[in-house]
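Engineer: this one's sequence-less:
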């Protein structure tokens, strides 16, 4: 008991360079989060597979330029958040919703999702449309990507996915992604059809020299799937860059900031 209290004390008051790292207990588990700034809007950041709140450390020095409240947290089992018995998009939504309620965040939410975190951003917008005013997707995962790669060349796509699975099979969130790929859908209609949305797509080639997803054809599929997410939305912007790779929040924080700030014009019809 003493060790648990000591650990809680140390974690709660540990600080990053930009914003205090805090913990809150939700459903018996400690959740790591950072809460900085204030303003009309609240940005909620979702990271990629296995990534915690620290993934955004390169971006945080620029967060004040949003003139908004910024909440960055770690999902179950990531960063300094404790593991959960079950990992699903639905349960992650419930945990985030409880976190935001505890922080008195009930409206004017703008979700920012990178990679796998894009699924979580879309899930939250789908479940709580009355709270969400904007979505920013940074090179987001897509439920049809593996299927489309297999349509392109089945043998290569399946073999490559098996290699990646061997690397990440112990990561619970990777298993969630595989289940989404198998399902080939999330929900209809997509919140990105109606909610102001900004999508950034990396078209940079040769991030790896073996995975079909990084080939020219793979990147073409990637861009097309991202465009489909906003194809019915008149208040959407699609930014395509070949200057930065998948980890653009780390590789180019300035571009990340510019992309995120684009959402204001869409929300306010400027």
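Structural biologist: Yes, it's here. Predicted model, so just to flag it, every value in this text is computed and none were measured.
Engineer: buried residues in stretch 182-199?
Structural biologist: 186, 190-192, 195-199 (16 or more other Cβ atoms under 10 Å). C-betas here are computed from N, CA, C, even on glycine.
Engineer: to clarify, my last question referred to stretch 95-109.
Structural biologist: Neighbour-count burial for stretch 95-109 [16+ other Cβ under 10 Å]: 95-97, 99-100, 103, 105, 108-109.
Engineer: can you list these in CSV and add secondary structure and distance to residue 47?
Structural biologist: Output for the buried residues of stretch 95-109, formatted as CSV (DSSP: H, G, I helix; E, B strand; the rest coil; distance: Cβ to Cβ, whole Å):
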residue, secondary structure, distance to residue 47
95, helix, 14
96, helix, 12
97, helix, 17
99, helix, 14
100, helix, 16
103, coil, 18
105, coil, 18
108, coil, 22
109, strand, 17
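Engineer: and which of these is nearest residue 244?
Structural biologist: Closest approach between the buried residues of stretch 95-109 and residue 244, by Cβ to Cβ: residue 109, at 26.3 Å.
Engineer: contact partners for the closest one?
Structural biologist: 41-44, 100, 124, 128, 131-133 (Cβ atoms under 8 Å, 6 or more residues apart in numbering).
Engineer: distance of it from residue 258?
Structural biologist: To residue 258, residue 109 is 21 Å away according to Cβ to Cβ, to the nearest Å.
Engineer: again, but for residue 52
Structural biologist: For residue 52, the distance to residue 258 (Cβ to Cβ) stands at 25 Å.
Engineer: do residue 64 as well
Structural biologist: 15 Å.
Engineer: OK, contacts around residue 110?
Structural biologist: The contact partners of residue 110, taken as Cβ under 8 Å, 6+ apart, are 41-44, 68, 132-136, 263, 267.
Engineer: stretch 85-102 - what's its average pLDDT?
Structural biologist: The average pLDDT within stretch 85-102 is 95.
Engineer: how about low-confidence regions in the chain?
Structural biologist: Flagging of the chain using pLDDT under 70 yields the residue ranges 1-19, 270.
Engineer: that one: helices as residue ranges?
Structural biologist: Ranges of helices within the chain are 2-12, 89-102, 117-127, 145-152, 154-168, 172-183, 216-229, 248-251, 253-268, based on DSSP state H.
Engineer: those helices: which one's closest to residue 242?
Structural biologist: So among those, helix 216-229 is nearest, using Cβ to Cβ, at 8.8 Å.
Engineer: show me which positions of the closest one end up buried.
Structural biologist: By 16+ other Cβ under 10 Å, the buried positions in helix 216-229 come out as 218-219, 221-223, 225-226, 229.
Engineer: show me what the residue nearest to residue 260 when sequence neighbours are not counted is bridged to.
Structural biologist: Counting by Cβ to Cβ, 6 or more residues apart in numbering, residue 260 lies nearest to residue 136, which is 5.2 Å off, once chain neighbours are set aside. Residue 136 has these beta-bridge partners by DSSP bridges: residue 112, residue 198.
Engineer: switch to numbering from 43
Structural biologist: Understood, numbering begins at 43; the last thing we discussed is residue 178.
Engineer: how about residue 178, what does it touch?
Structural biologist: By Cβ under 8 Å, 6+ apart, the neighbours of residue 178 are 152-155, 163, 239-242, 301-302, 304-305.
Engineer: count the residues that sit near the residue nearest to residue 139 when sequence neighbours are not counted.
Structural biologist: In space, and not counting its chain neighbours, residue 139 is closest to residue 170: 6.8 Å by Cβ to Cβ, 6+ apart. The number of residues packed near residue 170 is 18, by other Cβ atoms under 10 Å.
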